[in-house]
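>>> Need a 3D model of the sequence below.
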Amino acid sequence: MSAVNSSPRSLSRRRLLQGMAVLSLSAACATLFPVEMAQAREGVESNFSAVSAFLVSRPVSPVLSQRYYQALQRHFKDFPQRLSALDDYLAAHAFTHVDSFLQAVGDNDPLRQTAALIIGSWYTGVVGEGAESELIAYSDAMMYLPTKGILVVPSYGGGPDSWGSKPASRQTNKGVTA
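As a prediction, the model looks like this:
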């Protein structure tokens, strides 16, 4: 072997192939997932994360933020317009805390209803109502934050209040009603 090939600064064939593989993979991912990239940009451009962080008074996960935003759009067709109106109102009034905003708007105000929808989604981890509800985050729902580190969030079930109704009658071990 020559001294040139053993130098740490030389480019080996293996390193060149590894670099080409990484570049090829990144290019393939960008072309295979343009919809996801566009949706991520849409969530950022809509300012949903910033509005959410203000409403829940804590930083929010960008990944969960994107999921909540997409689910809210699926369940409420006018959600982008409602979010835009809420964002404009918050920017115009420069509230320092969500409590100031809630005091400024009435109970039946559409802005308050949109805010309640966003807050409720983050805290319960569910978007929508009834049979049409969609579970976005179970163990990451904000309702579990007060007991984080004290109680373990059960990682089973279909979400909050997902237990079935009580059976009408009790069965014995032979299948006969007791």
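>>> buried stuff in stretch 114-124?
Neighbour-count burial for stretch 114-124 flags 114, 115, 117, 118, 119, 121, 122, 124 (criterion: 16 or more other CB atoms under 10 Å). Where you see a C-beta, it was placed from the backbone N, CA and C, and this is true even at glycine.
>>> same check, this time on stretch 88-107
For stretch 88-107, by 16+ other CB under 10 Å, it's 89, 90, 95, 101, 102, 105.
>>> ok, which stretches of this structure are helices?
All helices of the chain, identified by DSSP state H, fall at 3-6, 13-32, 34-45, 48-56, 62-75, 79-93, 98-104, 110-124.
>>> could those helices go into TSV alongside mean pLDDT?
Output for those, formatted as TSV (pLDDT from 0 to 100):
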stretch	mean pLDDT
helix 3-6	51
helix 13-32	70
helix 34-45	55
helix 48-56	96
helix 62-75	94
helix 79-93	96
helix 98-104	96
helix 110-124	96
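>>> And the ones you listed: which comes nearest residue 141?
For these, the distance to residue 141 is smallest for helix 110-124, at 5.8 Å, taking CB to CB.
>>> helices or strands next to that closest one in the packing?
The contact analysis (3 or more CB pairs under 8 Å, 6 or more residues apart in numbering; DSSP states H and E) places helix 110-124 against helix 48-56, helix 62-75, helix 79-93, helix 98-104.
>>> Recalculate using a threshold of 10 Å.
For helix 110-124, the packing partners by 3 or more CB pairs under 10 Å, 6 or more residues apart in numbering; DSSP states H and E come out as helix 48-56, helix 62-75, helix 79-93, helix 98-104, strand 126-127.
>>> picking up where we left off before, which of the buried residues of stretch 114-124 sits closest to residue 64?
Ranked by distance to residue 64 (CB to CB), those are led by residue 122 at 8.0 Å.
>>> re earlier: right, so of the helices and strands packed on helix 110-124, which gets closest to residue 145?
Nearest to residue 145 among the helices and strands packed on helix 110-124 is helix 48-56 (9.6 Å), distances taken as CB to CB.
>>> circling back: ranking the helices and strands packed on helix 110-124 by burial, who's on top?
strand 126-127 (a mean of 24; mean count of other CB atoms under 10 Å).
>>> Redo the helices and strands packed on helix 110-124 as JSON lines? Include distance to residue 143.
JSON lines is the format used below for the helices and strands packed on helix 110-124 (distance: least, CB to CB, whole Å):
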{"stretch": "helix 48-56", "distance to residue 143": "11"}
{"stretch": "helix 62-75", "distance to residue 143": "14"}
{"stretch": "helix 79-93", "distance to residue 143": "22"}
{"stretch": "helix 98-104", "distance to residue 143": "16"}
{"stretch": "strand 126-127", "distance to residue 143": "10"}
